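Student: What follows is a predicted structure for the sequence shown.
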Amino acid sequence: MSTEVQAKPPNILVYTGTKDTQIEQSKFNLVKEVLQQCLGPDYYTIYQLKHDQVLSQPWAENTALLVVATPDETGDAVSQKFEHFVHEGGRLLSFCPHFNMGLLVVFGKWRQGIVYHPPQGSAKEVDVYVTGLCFASPLQVDKVSTTVKVIGTTKNENRPLIVDACVGSHDGRALLSQAHLEMNPSDDEVRGTEMFTQLKKSNPRRYEVLKDLLTTLGLTCSGGEVAALTPSHLLVVDDTLQNTVVQAISSHLDEKRALRGGQVSLLFVEHPEAATATPEELPVFIGGAVDSFNWQVYRDNLKTRILGKVVLYTEVLPTTMTVLDRLPSCVPEDTGLIAIAHRQTSGRGRGGNVWLSPVGCAMFTLHARIPLQSELGNRLKFIGHITSLAVVESVRTLPGYKDIDLRLKWPNDIYYGESMKIGGVMVTFNTEGNICSALIGCGFNVSNSNPTICINDLVKQHNKLHNTDLPDFTTEELIARAVTIIEEVVQEFQENDSDTFLQRYYNRWIHSKQRVHLDSENGPLATIVGLDYSGFLSVVKEDGEEVSVEPDGNSFDMLKNLITKKTRQ
């Protein structure tokens, strides 16, 4: 399907030096904190780009912004990689005194004051850290395809401290600053009283300038606050099941009517307002109406025998992955628990990644019991594959929606086409005797066009291209449909082995005969042939050897065509 829908993945990478030590990690945490305060929640994920990843991993294509924040020399190879990123249309913000995109820098003795000259509005004086360097005046660039202008100067000498460089024919842009706008006044090594006071007074204006620079580079600075956590509602599909579940839970509560968990305790209350939600304690009210969750739509679309029949719904919570810690062991075995959130403040992705979780994103953690002595019990990694397939099928199996281009990217990602992630799955396991207790976390964009793209964007685009009138989806509808298909496919897998599942899976995935690099961006090539018995990827190397591989384990959740060989015992 041809389409005009495009968006850049919301990844911001921060490079803090060549050594990758605890010092660089601390520097990254400081830069990340100030960026989050400027950008606000639900727009971007911020990751550290480590020195050994710069040249070995294909990070550039899916990066909305690269921030260079190190006092050290980056080295020729790294500098060339960063410059190439900008020349190919990338956005870069540098607080590195030695990274200059071909501009000449000179030494000087500058005080902390700078004058910022915004594209619109009057100049602003700001007290901030400076590197002790400035750009040579007049500006001279050794590349014909680069144009620069000064947007920040020293207070008295009017020497260039911040420059705006437009680079190449692909609309690349770099803002190079000899003023350390990313640094907090409390980081001052001198900590002189007068200097500290001046920098503190200027701190609000420092944030204004930094937000302006980020906006110039095309980023969204909302300045929104993180939503307050809310109590949860326990909702059950029928009265008989509710009575059974409530009685079972009540027998496990302590004297404060709390079910103590490893990370989150559930406090059962008589009224939703009876207690305050915290990251460690979640008040739970049994039943009740919830404005942000259409319970009837969910029930109408849920066609399961067990899964998803008992819902722990929370309007705002850190993550659904922690609230079902104790609950599954307190309810009857045929109880299908699911935690659903309207919004998450600390959404989790695979491999330690962040999953942005604004309103409009379908977010749930489903509990399932899998007998270890069963077909799926012997091949547990397929649970994630089944879940990601179910999300795609929840849309594409509906009449009229079969051409909505939702696809599967191994191991557990939901994609629009072949280039843009729209959702993902992560699964944790806990063995209880002969039963595997699986917590299946899933998030996918339904109606949230920001920060990237959502399913309803694709529906609207389909309607425009094909002159159709397909209705938009709701999160309640697609969560219920996905859970229904999960149960259907699990049963099919258990009864008929994996053949039928693999046929459906391969029909939706993006990897058929795809060429990939092993171990590094410049590593040997191999061709994907399918999934092996355990659910790992099976590839054929150039010499004809067939090997199994595992996910690359990267910290960005964005690397393209890069996998790592799986060591077999």
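Tutor: Looks like it came in fine. Numbers count the residues shown, from 1 in each chain.

Student: burial measure for S251, as a count.
Tutor: For S251, the number of neighbouring residues by other Cβ atoms under 10 Å comes to 7. C-beta here means a position set from N, CA and C on the backbone, and glycine is covered the same way.

Student: residues contacting it?
Tutor: C330 (Cβ atoms under 8 Å, 6 or more residues apart in numbering).

Student: State the pLDDT value of it.
Tutor: pLDDT, S251: 93.

Student: helices and strands of the protein: which one has the lowest mean pLDDT?
Tutor: Sorting the helices and strands of the chain by mean pLDDT, DSSP states H and E puts strand 562-565 at the bottom, at a mean of 56.

Student: how does this protein divide into domains?
Tutor: 11-216, 232-508, 515-565 (automatic domain parsing).

Student: Kindly reformat the ones you listed as TSV containing distance to S222.
Tutor: Shown next, in TSV, are the domains of the chain (distance: least, Cβ to Cβ, whole Å):
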stretch	distance to S222
domain 11-216	4
domain 232-508	10
domain 515-565	22
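
Student: lowest-confidence stretch among those domains?
Tutor: Ranked by mean pLDDT, the domains of the chain bottom out at domain 515-565, with a mean of 74.

Student: what's the neighbour count on E125?
Tutor: 11.

Student: isn't it right up against G152?
Tutor: No. Using Cβ atoms under 8 Å, E125 is not in contact with G152, being 10.7 Å away.

Student: Now the strand ranked longest in the chain: buried residues?
Tutor: In the chain, with assignment by DSSP state E, the single longest strand is strand 420-432. Buried residues in strand 420-432, counting neighbours by 16 or more other Cβ atoms under 10 Å, are found at 420-427.

Student: What is the subsequent helix or strand relative to that strand?
Tutor: Per DSSP states H and E, the first helix or strand lying C-terminal to strand 420-432 is strand 435-445.

Student: Give me the sheet partners of that next one and which way each runs.
Tutor: Applying DSSP bridges, strand 435-445 is found paired with strand 361-371 (antiparallel), strand 420-432 (antiparallel).

Student: Point me to the helix or strand that includes L175.
Tutor: Per DSSP H and E, L175 falls inside strand 172-177.

Student: end to end, how far does stretch 87-103 reach?
Tutor: 15 Å (Cα to Cα, to the nearest Å).

Student: The lengthiest helix in the chain to strand 361-371, inter-axis angle?
Tutor: Taking DSSP state H as the criterion, the chain has its longest helix at helix 475-496. Interaxial angle, helix 475-496 versus strand 361-371 (axes from the mean of the first three to the mean of the last three Cα atoms, to 10 degrees): 20 degrees.

Student: Okay, buried residues for helix 475-496 please.
Tutor: So, applying 16+ other Cβ under 10 Å, buried residues of helix 475-496: 475-490, 492-493.

Student: ok so, going back, which other residues reach the strand holding L175?
Tutor: So strand 172-177 is in contact with 85-95, 99-101, 103, 135, 151-152, 161-167, 213, 216-218, going by Cβ under 8 Å, 6+ apart.

Student: Those residues in strands, which ones?
Tutor: Going by DSSP E, the strands hold 91-94, 135, 151-152, 161-167 from the contacts of strand 172-177.

Student: In PyMOL, how would I select just the buried ones from those residues?
Tutor: Those of the ones in strands among the contacts of strand 172-177 that count as buried under 16+ other Cβ under 10 Å are selected in PyMOL with:
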select buried, resi 91+92+93+94+135+151+152+161+162+163+164+165+167
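
Student: got the ones in strands among the contacts of strand 172-177 as TSV, with distance to Q120 columns?
Tutor: Formatted as TSV, those follow (distance: Cβ to Cβ, whole Å):
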residue	distance to Q120
R91	20
L92	22
L93	19
S94	23
F135	23
I151	12
G152	15
L161	20
I162	16
V163	18
D164	14
A165	19
C166	17
V167	22
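
Student: which one of the ones in strands among the contacts of strand 172-177 is nearest H466?
Tutor: Checking the ones in strands among the contacts of strand 172-177 against H466 by Cβ to Cβ gives R91 as the nearest, at 34.5 Å.

Student: which residues does the closest one bridge with?
Tutor: With DSSP bridges as the rule, R91 is bridged to R173.

Student: Pretty sure it sits against T216.
Tutor: No. Using Cβ under 8 Å, R91 makes no contact with T216, being 9.3 Å away.

Student: Helices of the stretch 301-450 of the chain, residue ranges please.
Tutor: 382-396 (DSSP state H, counting those that start in this stretch).

Student: Ok, the stretch 51-200 of the chain next?
Tutor: Remark: helices assigned in the stretch 51-200 of the chain by DSSP H, counting those that start in this stretch are 51-54, 76-87, 193-201.

Student: what's the burial count for K19?
Tutor: Neighbour count for K19, taken as other Cβ under 10 Å: 12.

Student: Now for it: which residues touch it?
Tutor: Residues near K19 by Cβ under 8 Å, 6+ apart: H51.

Student: Could you shift the numbering so residue one becomes 441, and keep it that way?
Tutor: Got it, the first residue is 441 from now on, which makes the last one we talked about K459.

Student: so where does it fall, helix or strand?
Tutor: K459 belongs to no helix or strand, assigned by DSSP H and E.

Student: so how far is V756 from it?
Tutor: 39 Å (Cβ to Cβ, to the nearest Å).

Student: cool, P671 as well?
Tutor: Taken as Cβ to Cβ, the span from P671 to V756 is 10 Å.

Student: and what of E935?
Tutor: In this view, E935 and V756 are 40 Å apart by Cβ to Cβ.

Student: again with P712
Tutor: 13 Å.

Student: again, but for L693
Tutor: L693 sits 24 Å away from V756, going by Cβ to Cβ.

Student: So between the two, which is more surrounded?
Tutor: Each of L693 and V756 has its neighbours counted (other Cβ under 10 Å); V756 has more, 19 against 15.

Student: Now for that one: which residues touch it?
Tutor: Taking Cβ under 8 Å, 6+ apart, one finds 667-670, 717, 781-785 in contact with V756.

Student: Try it again at 6 Å.
Tutor: Applying Cβ atoms under 6 Å, 6 or more residues apart in numbering, we find V756 in contact with 667, 669-670, 783.

Student: Good, we can wrap up now.
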